[in-house]
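> Return a 3D structure for these sequence lines:
(one chain, ligands or ions: 1)
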Amino acid sequence: MDLNKRILEPSLMEDDEFLEYYEYNRHIGLDKQDGVAKAVAKLCKNFNSGKVLDIGCGIANVPIYLAQQFESSFIVGIDASEKAIEFGKGLVKEHYMNDRIVLSKAHLPYENFWHKKKDFNLVFSRSALHHFANPLDFWYTVKDNLKEDGSVFVLDLIRPETSERAARLVYDRFKGEVNKPIARAFYNSLCAAHRAKEVKEHLEIVSLLPMKILVNSEIHIIIYR
Ligand SMILES: C[S@@+](CC[C@H](N)C(=O)[O-])C[C@H]1O[C@@H](n2cnc3c(N)ncnc32)[C@H](O)[C@@H]1O
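Residues are numbered from 1 along each chain as shown. Below is the predicted model:
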């Protein structure tokens, strides 16, 4: 089946997906988040300190590494999931980062984000854009919170041409575990993701240009400046 249109997935993960995703990140993949923080340092040349907003921060595994990479930064993480925020607060405490990272539940665009507008030096997000039914809600949140000369780093998936290709990509990654909730969630995420051309159109609509769009692999896109 062709995937000309996105197949939306829910904002919030089901309980079993949630536990697998977050336990995986917490116990196995936590150190891998370091690479994301290094990619921010490499691509967002104008950013080295200040306030960071992480949209859809999950359990705050990336913010912890961002805080380590950028020693003079203060990070606000927001996420629609109360559970993720609670997990995240525990992780932040374990890493003695309470004074550097603040987490808050906000289901965008329905729950207002409390923070003062347009005062973030960097707006960051990983793997949250494709969860938004209307991507413009995501991009307006970026725009409304970003300083005029602020940096942006958004990493997300790319929707494959067909559902068969999406299934193959899931198989390549999960092999014999394709029926696990985390593998199904990955398949759904691929089907809900955007293509580079669509992202460019969205950025034009919200007037969030100039922005660079890097197709980093068959499944990963980075939108940054
Ligand atoms: C795939 S997880 C990524 C979590 C984290 N950024 C990471 O890379 O590990 C996507 C996150 O986006 C959050 N999310 C999805 N839709 C959202 C919305 N409308 N508002 C706020 N958070 C949202 C979900 O609750 C989930 O924690």
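
> Could you use CA atoms for every contact and neighbour count after this?
OK.

> Please see if the strand or helix carrying residue 41 touches the ligand.
Following DSSP states H and E, one finds residue 41 within helix 33-43. No: applying CA under 6 Å from any ligand atom, one finds helix 33-43 separated from the ligand by no less than 8.2 Å.

> Now do the phi/psi pair for the nearest residue to residue 58 once chain neighbours are set aside.
Nearest non-adjacent residue to residue 58, counting by CA to CA, 6 or more residues apart in numbering: residue 84, 5.1 Å away. As for residue 84, its main-chain torsions (degrees, to the nearest 10) stand at phi -60, psi -40.

> packing partners for the helix holding residue 41?
helix 61-69 (3 or more CA pairs under 8 Å, 6 or more residues apart in numbering; DSSP states H and E).

> hang on, the residue nearest to residue 58 packs against residue 61?
No: the criterion here is CA atoms under 8 Å, and residue 84 misses it with residue 61 at 10.4 Å.

> any residues in contact with both of these two?
Listed contacts common to residue 84 and residue 61 are nil; contacts here mean CA atoms under 8 Å, 6 or more residues apart in numbering.

> Output the below-cut-off pLDDT ranges for the chain.
Counting by pLDDT under 70, the chain has low-confidence residues at 11, 13-20, 22-33, 114-116.

> Any idea which residue is closest to the centre of it?
Among the residues of the chain, residue 126 comes closest to the average C-alpha position under CA atoms, centre = their mean, at 2.0 Å.

> Whether the strand ranked longest in the chain contacts the ligand - can you check?
Scanning the chain for the strand with the most residues, using DSSP state E, yields strand 146-157. No: residues of strand 146-157 contacting the ligand under CA under 6 Å from any ligand atom: none, with a closest distance of 8.6 Å.

> residues touching the closest residue to residue 135 other than its chain neighbours, list them.
Distances taken as CA to CA, 6+ apart place residue 129 nearest to residue 135, at 6.6 Å, with adjacent residues excluded. Going by CA under 8 Å, 6+ apart, residue 129 touches 135, 138, 156, 193.

> For the helix or strand that contains residue 83, output the C-alpha coordinates as PDB.
In this structure, residue 83 is located in helix 82-94 according to DSSP H and E. In PDB, the C-alpha atoms belonging to helix 82-94 read as follows (Å, rounded to 0.1, in the frame of the first residue of the first chain):
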ATOM      1  CA  GLU A  82       2.100  12.600  32.900                       C
ATOM      2  CA  LYS A  83       3.800   9.200  33.200                       C
ATOM      3  CA  ALA A  84       6.800  10.300  31.100                       C
ATOM      4  CA  ILE A  85       7.100  13.500  33.100                       C
ATOM      5  CA  GLU A  86       7.100  11.500  36.400                       C
ATOM      6  CA  PHE A  87       9.700   9.000  35.100                       C
ATOM      7  CA  GLY A  88      11.700  12.000  33.900                       C
ATOM      8  CA  LYS A  89      11.700  13.800  37.200                       C
ATOM      9  CA  GLY A  90      13.200  10.700  38.800                       C
ATOM     10  CA  LEU A  91      15.900  10.500  36.200                       C
ATOM     11  CA  VAL A  92      16.700  14.200  36.500                       C
ATOM     12  CA  LYS A  93      17.100  13.800  40.300                       C
ATOM     13  CA  GLU A  94      19.300  10.700  39.900                       C
END
